[in-house]
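**Q** structure of the sequence below:
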Amino acid sequence: MSESRCTASVGRPRAFDPEAALEKALDVFWRKGYDGTSLADLTEAMGINKPSLYSTFGNKDQLFLKAIEVYENRPCAFLGPALEEPTAHQVVKKMLYGAAKNFADKSHPQGCVIIQGALSCSETASSVKEALMARRQDGEERLRDRLARAQAEGDIPATTNVVTLARYLGTVMQGMAIQANNGATSEELTEVADLALSAMPAIAP
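**A** Have a look, this model is predicted:
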């Protein structure tokens, strides 16, 4: 860890670990949603006071987006590795199976903090909602580009609309996240993933 992250600007050691504090903030935001999380909730969970929160992470919006970056960079993130698979079928299978496993994982709140956050943010948090929607759209575009590459390589029929296919898969994953948040198990979500795979004759194993 760099010296700048371990010491305050005046040279005194920080009384807390910013990375650990962000993990705790992420857990609170994930469980309560952006609007449902108060500064008191955050400072209590993170073990810091409001001045420390503001000086280290910025306001609530900035803290939330920093927590989302932590979420996106976790080892269990599945989209990036899935896109590296050699065939379109393997890409989609790894992505959907990864969603089924991750969304229902009991070691953290169930579902997807990005999807749930975008759905639950009120109009007063429009900037946060827009940032979350942009992240979701970026994921869909990365998938679309990977499917377009597969199509150019002859892995997907030329008649397949890869834009619609990527949107369909994104819709399936959003539904899986909501189902997980409502208590669906990994096994149940895997059955949904299998059905989605079987419903796409354009992609052969």
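**Q** all strands of this structure, in order?
**A** With DSSP state E, there are no strands along the chain.
**Q** so where is it shaky, pLDDT-wise?
**A** Scanning the chain for pLDDT under 70 picks out the ranges 1-15, 75-76, 201-205.
**Q** could you chop this structure up by domain?
**A** Domain segmentation of the chain under automatic domain parsing yields 15-72, 79-198.
**Q** centre of the chain to the last one, how far?
**A** In terms of C-alpha atoms, centre = their mean, to the nearest Å, the centre of domain 79-198 is set 10 Å apart from its chain centre.
**Q** where do the helices sit along the chain?
**A** Ranges of helices within the chain are 3-6, 18-36, 39-46, 50-57, 60-72, 79-83, 88-103, 113-120, 126-152, 162-181, 186-198, based on DSSP state H.
**Q** and these as a markdown table, adding mean neighbour count?
**A** Yep, even glycine has a C-beta here, placed from its N, CA and C like the rest. Output for the helices of the chain, formatted as a markdown table (neighbours: other C-beta atoms under 10 Å):
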| stretch | mean neighbour count |
| --- | --- |
| helix 3-6 | 9 |
| helix 18-36 | 18 |
| helix 39-46 | 16 |
| helix 50-57 | 16 |
| helix 60-72 | 18 |
| helix 79-83 | 16 |
| helix 88-103 | 21 |
| helix 113-120 | 21 |
| helix 126-152 | 17 |
| helix 162-181 | 19 |
| helix 186-198 | 16 |
